[in-house]
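Asks: Sequence and predicted model, in that order:
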Amino acid sequence: MKSVVHAACPHDCPDACGVLITIEDGRATRIQGDPAHPVTRGFLCAKVAKYLDRVYSPDRVLYPMRRKATIPKGPSGADSRNPARFAPARENFAPNCAADAFTRISWDEALDEVAHRLRRIADDIGPEAILPYSYGGTLGALNGASMDRRFFTRLGASELERTICSSAGEAGLESVMGVKLGTEPDQFIHSRYIIVWASNIHGNNVHLWPYIVEARRKGARLVVIDPYRTRTAACADWYLPINPGTDGALALAMMHVIIGEGLYDADYVENYTLGFDELSEKVKAYPPEHAAQWTGIAAEDIRKLAREYATVRPSVIRVNYGVQRSDGGGMATRAIAMLPCIIGSLKEVGGGIHLSTSGAFDLNKDALRRPDLRPQGLKPSRIVNMVELGKALNTLSDPPLKALFVYSSNPAAVCPNHNEVVRGLKRTDLFTVVHEQFFTDTTDYADIVLPATTFFEHKDLQTAYGHYYLQVSDQAIEPLGECRANVELFRALAARMRFDDECFSESVDEMIEGALASTNPWLQGITRERLEREGQVRLNFAASPDASDGQTGSVPAPFLPFAQGNFRTPSGKAELYSEAMKALGLDPVAEFKPPSESRHGAEKATFPLELLARKADNFLNSTFTNQPSVQQMEAVNLLEMHSADAGARGIADGQMVRVFNHRGEIFLKARVDGSVQPGVVSARLNWAKLSAGLRNINVLTSEKLSDLGNSATFYSVLVDVESTKSFP
Ligand SMILES: Nc1nc2c(c(=O)[nH]1)N[C@H]1C(S)=C(S)[C@@H](COP(=O)(O)OP(=O)(O)OC[C@H]3O[C@@H](n4cnc5c(=O)[nH]c(N)nc54)[C@H](O)[C@@H]3O)O[C@H]1N2
Ligand SMILES: Nc1nc2c(c(=O)[nH]1)N[C@H]1C(S)=C(S)[C@@H](COP(=O)(O)OP(=O)(O)OC[C@H]3O[C@@H](n4cnc5c(=O)[nH]c(N)nc54)[C@H](O)[C@@H]3O)O[C@H]1N2
Ligand code: SF4
Ligand SMILES: [Mo]
């Protein structure tokens with residue numbers, strides 16, 4: 001029997017694609033992009049197009065496992081033979097050797113043991129000795145954050161501050177606009193000037209590209225601002241390589257020009273912004289000549305960029321999270337978010353700014369997460385920042401962490417200061433549970449490994465952060481082996497812990513309905529049944545009185561939420577001056593300070609080169625890195641560097657190098673190909689156990705938090721490089 005199921009890709013990606021899965025006799029035989037999804041348009045990225053290989057991989061975790069008493073924590077068996085070296089890994093890499101460290105147990109045994117250990121830790125030391133750790137494995141509304149939150153809240157565990165990705169930028173954007181809304185992808189067709197700012201469109205947001213292509217066919221110009229020459233930069237009309245972490249200076253200098261030359265929209269500024277006078281005063285300190293020293297972009301180019309951006313209309317900014325992975329990333333995003341406010345492009349179809357659209361999906365999160373389950377009488381729970389996992393595992397006291405429960409995340413690969421994370425994970429007195437699809441870097445440190453479903457194997461509700469379509473993702477196949485979805489795992493654990501609150505027995509459909517029961521008008525008329533019937537439904541912007549969106553026939557009118565102000569800030573205006581920023585001890589307008597770990601920063605004397613510890617175009621953070629068919633598409637274990645820096649160190653293309661700083665060292669192969677400027681080197685995220693010495697790029701990155709939002713600073717790292725012949 002053959003059938004086709006509509007699902008939605010739950011990976012941490014703005015595109016949130018509609019997916020069609022063909023099922024024959026209970027087995028998935030084909031995956032394709034849903035042609036009916038207006039943004040997916042029938043195609044998938046290269047990695048998810050190969051998803052059958054992932055679902056049916058021989059390397060899946062299929063059963064609960066317990067570490068063998070004789071096997072110490074850490075990569076073991078064949079893994080420690082230094083699997084990958086510089087070759088794509090398949091012949092050397094046998095992830096299931098990791099499985100040799102474990103013995104298969106039943107779900108009953110696993111649940112009993114986990115419940116027993118957690119209960120004992122909670123009773124003897126206190127529930128705050130337990131830390132859940134999850135992030136972007138699935139962005140499904142249910143499996144991402146519902147039953148798990150209920151469980152840990154009811155338990156009184158320490159709370160994880162989930163800010164490893166985007167919170168600095170979000171805080172920066174929200175400080176100006178009050179909400180995360182962005183230019184809808186199809187409006188890009190109407191743009192005539194497109195600035196792609198710290199955004200790797202071909203790698204991380206590929207479904208925006210067709211709209212940009214269409215705009216360019218009609219004459220739009222594409223400008224890319226990125227320290228790394230991405231594929232998008234390579235095909236831009238104008239590529240501006242910027243020094244990492246200096247975007248705040250560029251944005252302030254652009255506003256210097258726009259305001260100084262009277263290119264701003266006086267009417268929009270007058271009616272819908274707050275603090276224009278203070279901003280005008282502030283930007284006087286940022287003439288292009290000044291910004292040029294930091295950014296590495298010539299003053300004349302900054303002037304030209306500012307003038308073109310303000311006058312070639314509509315102009316739009318696709319800013320992404322690359323800007324905010326540095327010390328001053330929140331402030332930089334704040335400054336960039338001011339640009340469309342002063343030129344008034346938020347009222348134009350094809351104008352505005354797009355960082356994220358996630359603020360539009362105002363699901364009933366409390367219904368999903370149930371913060372009210374926290375036992376009465378407990379003090380507010382301790383908050384542990386996920387970026388600082390190493391520090392937390394090694395130094396927290398009162399109480400120290402005694403149990404770590406990891407799901408939907410691979411902290412032993414993605415967390416900064418990897419050596420410290422690993423030191424903590426190796427603690428023999430730490431009880432670690434990992435719920436996973438694969439034997440990752442993190443399962444190498446687990447006491448108990450539990451098998452997790454892929455999105456083919458469970459149902460969920462899917463929002464997006466790059467468009468405005470909500471979807472139900474249907475279950476396509478039965479779970480493989482004994483895999484369980486996050487929702488089912490925490491439901492079962494709650495029962496084992498004898499949490500008898502009714503919400504632990506809510507069905508998946510009831511949970512979806514609970515999430516949709518929101519007072520937000522944009523969700524009006526969107527029911528579970530309708531989502532199941534239609535696959536994807538655009539948010540109901542017509543129902544909102546404050547958006548200038550009226551449904552005209554069957555064609556939705558363009559969504560221009562800020563055309564007449566309506567910012568969700570305290571003042572209701574775009575806040576170019578912000579009391580909230582002032583209260584945080586930050587400049588209430590905006591300012592630029594070089595990241596401390598940069599060539600202009602306080603730590604400039606430590607190491608000479610700035611490292612971009614970037615994502616890989618064909619992986620998704622550390623996901624997909626172990627999949628042979630995906631590995632074939634990605635060059636791994638490379639250090640990209642400029643010929644000037646390579647030459648000065650006697651390094652030739654293809655040679656082995658040691659990359660190091662005070663936190664650690666890794667061994668990579670030099671590639672001297674012009675993707676970075678002098679003074680900058682770049683390497684990509686991968687599994688540690690697929691890299692020489694079993695260490696990945698995060699041995700070099702810092703736990704330092706950003707200025708806003710307590711986010712990570714993966715792109716503010718100083719290192720040095722030397723050629724080497726010996727490596728571990
Ligand atoms: N293929 C693929 N897709 C992904 C991911 C992946 O790993 N692989 N990850 C997903 C996730 S979790 C996220 S958060 C999104 C993120 O997607 P993006 O926001 O696009 O994130 P990044 O790749 O971190 O950064 C984007 C670009 O910013 C550049 N950049 C770095 N520092 C600076 C700087 O200081 N200034 C400027 N102007 N540019 C800078 C980088 O070189 C990069 O090309 O993508 C998602 N999609
Ligand atoms: N050097 C460097 N480090 C980075 C970044 C960078 O750009 N450079 N990017 C950072 C960013 S932006 C982010 S968002 C983080 C991402 O950090 P993570 O969210 O940890 O991302 P992934 O590496 O994709 O790991 C997700 C894991 O969840 C598993 N998984 C998938 N679905 C499910 C599920 O339904 N249930 C369970 N239990 N598990 C599941 C996958 O198999 C995978 O191993 O990494 C950060 N780390
Ligand atoms: S990872 Fe992104 S582009 Fe690829 S299928 Fe999923 S949502 Fe679409
Ligand atoms: Mo992310």
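Replies: Looks like it came in fine. All of these numbers come straight from a predicted model, not from anything done at the bench. Ligands and ions are numbered 1, 2, ... in the order given.

Asks: Please enumerate the strands of the stretch 251-400 of the chain.
Replies: For the stretch 251-400 of the chain, applying DSSP state E, counting those that start in this stretch gives strands covering 273-274, 315-319, 353-354, 383-385.

Asks: Tabulate the ones you listed in TSV, adding columns for distance to residue 64.
Replies: To be clear about C-beta, it is placed using only N, CA and C from the backbone, and glycine gets the same treatment. Shown next, in TSV, are these (distance: least, C-beta to C-beta, whole Å):
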stretch	distance to residue 64
strand 273-274	56
strand 315-319	43
strand 353-354	43
strand 383-385	26
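
Asks: Using CSV, lay out those together with distance to residue 141 and mean pLDDT.
Replies: Output for the strands of the stretch 251-400 of the chain, formatted as CSV (distance: least, C-beta to C-beta, whole Å; pLDDT from 0 to 100):
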stretch, distance to residue 141, mean pLDDT
strand 273-274, 34, 98
strand 315-319, 25, 98
strand 353-354, 22, 98
strand 383-385, 23, 98
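
Asks: Minimum distance to residue 104: which of those has it?
Replies: Residue 104 lies closest to strand 383-385 among these, at 31.8 Å (C-beta to C-beta).

Asks: which secondary structure elements does that closest one contact?
Replies: strand 159-161 (3 or more C-beta pairs under 8 Å, 6 or more residues apart in numbering; DSSP states H and E).

Asks: List the buried residues in the strand it packs on.
Replies: For strand 159-161, a neighbour-count test (16 or more other C-beta atoms under 10 Å) marks 159, 160, 161 as buried.

Asks: moving C-terminal of that strand, what's the next helix or strand?
Replies: Next along the chain after strand 159-161, taking DSSP states H and E as the criterion, comes helix 167-177.

Asks: got the contact list for that following helix?
Replies: Contacts to helix 167-177, defined as C-beta atoms under 8 Å, 6 or more residues apart in numbering, come from residues 180, 319, 321, 323-325, 329-338, 341, 353, 355-356, 562, 567-569, 574-576, 578, 580-581, 706-711.

Asks: ok, back up a step: can you say which of the strands of the stretch 251-400 of the chain is nearest to ligand 1?
Replies: Distance to ligand 1, taken as C-beta to the nearest ligand atom, is lowest for strand 315-319 among the strands of the stretch 251-400 of the chain, at 8.3 Å.

Asks: Could you list which of the contacts of helix 167-177 belong to helices?
Replies: Among those, the members falling in helices are 329-338, 341, 580-581 (criterion: DSSP state H).

Asks: picking up where we left off before, list only those of the contacts of helix 167-177 flagged as buried.
Replies: Buried, going by 16+ other C-beta under 10 Å: 180, 319, 321, 323-325, 329-338, 341, 353, 355-356, 562, 567, 569, 574-576, 578, 581, 706-711, out of those.

Asks: Go back to those residues and keep what's next to ligand 1.
Replies: Residues of the buried ones among the contacts of helix 167-177 in contact with ligand 1 (C-beta under 6 Å from any ligand atom): 321, 323, 325.

Asks: For ligand 2, find the nearest of the strands of the stretch 251-400 of the chain.
Replies: With C-beta to the nearest ligand atom, the closest approach to ligand 2 among those belongs to strand 383-385: 13.2 Å.

Asks: Let me know whether that closest one sits next to ligand 2.
Replies: No. Strand 383-385 is not in contact with ligand 2 by C-beta under 6 Å from any ligand atom; minimum separation 13.2 Å.

Asks: now do stretch 422-431
Replies: No. Between stretch 422-431 and ligand 2, judged by C-beta under 6 Å from any ligand atom, nothing touches; the nearest distance is 13.8 Å.

Asks: so where do the helices sit in the stretch 601-728 of the chain?
Replies: 628-631, 643-648 (DSSP state H, counting those that start in this stretch).

Asks: So which bits of the longest helix along the chain are buried?
Replies: For the chain, the longest helix by residue count, based on DSSP H, is helix 107-124. Of the residues in helix 107-124, 110, 111, 113, 114, 115, 117, 118, 121, 122 count as buried by neighbour count, 16+ other C-beta under 10 Å.

Asks: Distance of the nearest residue to residue 278 once chain neighbours are set aside relative to residue 568?
Replies: Take residue 278 and drop its neighbours on the chain: the residue closest to it by C-beta to C-beta, 6 or more residues apart in numbering is residue 577, 4.5 Å away. To residue 568, residue 577 is 17 Å away according to C-beta to C-beta, to the nearest Å.

Asks: hang on, the earlier thing: tell me which of the strands of the stretch 251-400 of the chain lies nearest to residue 434.
Replies: Residue 434 sits nearest to strand 383-385 of all the strands of the stretch 251-400 of the chain, at 17.3 Å, using C-beta to C-beta.

Asks: who does that closest one pair up with?
Replies: strand 159-161 (parallel) (DSSP bridges).

Asks: roughly how far is the strand it pairs with from the heart of the chain?
Replies: Between the centre of strand 159-161 and the centre of its chain there are 16 Å (C-alpha atoms, centre = their mean, to the nearest Å).

Asks: Ok, stretch 489-501 next?
Replies: With C-alpha atoms, centre = their mean, you get 30 Å for stretch 489-501.

Asks: which residues touch residue 326?
Replies: Residue 326 is in contact with 244, 245, 332, 595, 598, 706, 713, 715, 716, counting by C-beta under 8 Å, 6+ apart.

Asks: can we see that at 6 Å?
Replies: Residues counted as contacts of residue 326 (C-beta atoms under 6 Å, 6 or more residues apart in numbering) are 245, 595, 713, 715, 716.

Asks: now do residue 662
Replies: Under the criterion of C-beta under 6 Å, 6+ apart, residue 662 has no neighbours.

Asks: ok, it to residue 719 distance?
Replies: From residue 662 across to residue 719, the span is 10 Å (C-beta to C-beta).

Asks: Over to residue 490?
Replies: Residue 490 is 40 Å from residue 719, by C-beta to C-beta.

Asks: So what does residue 496 have for phi and psi?
Replies: Backbone torsions for residue 496, taken as degrees, to the nearest 10, come to phi -60, psi -30.

Asks: Let me know the pLDDT of whatever residue of the stretch 201-350 of the chain ends up closest to ligand 3.
Replies: For the stretch 201-350 of the chain, the residue closest to ligand 3 is residue 206, as judged by C-beta to the nearest ligand atom, at 5.4 Å. Reading off the confidence values, residue 206 has pLDDT 98.
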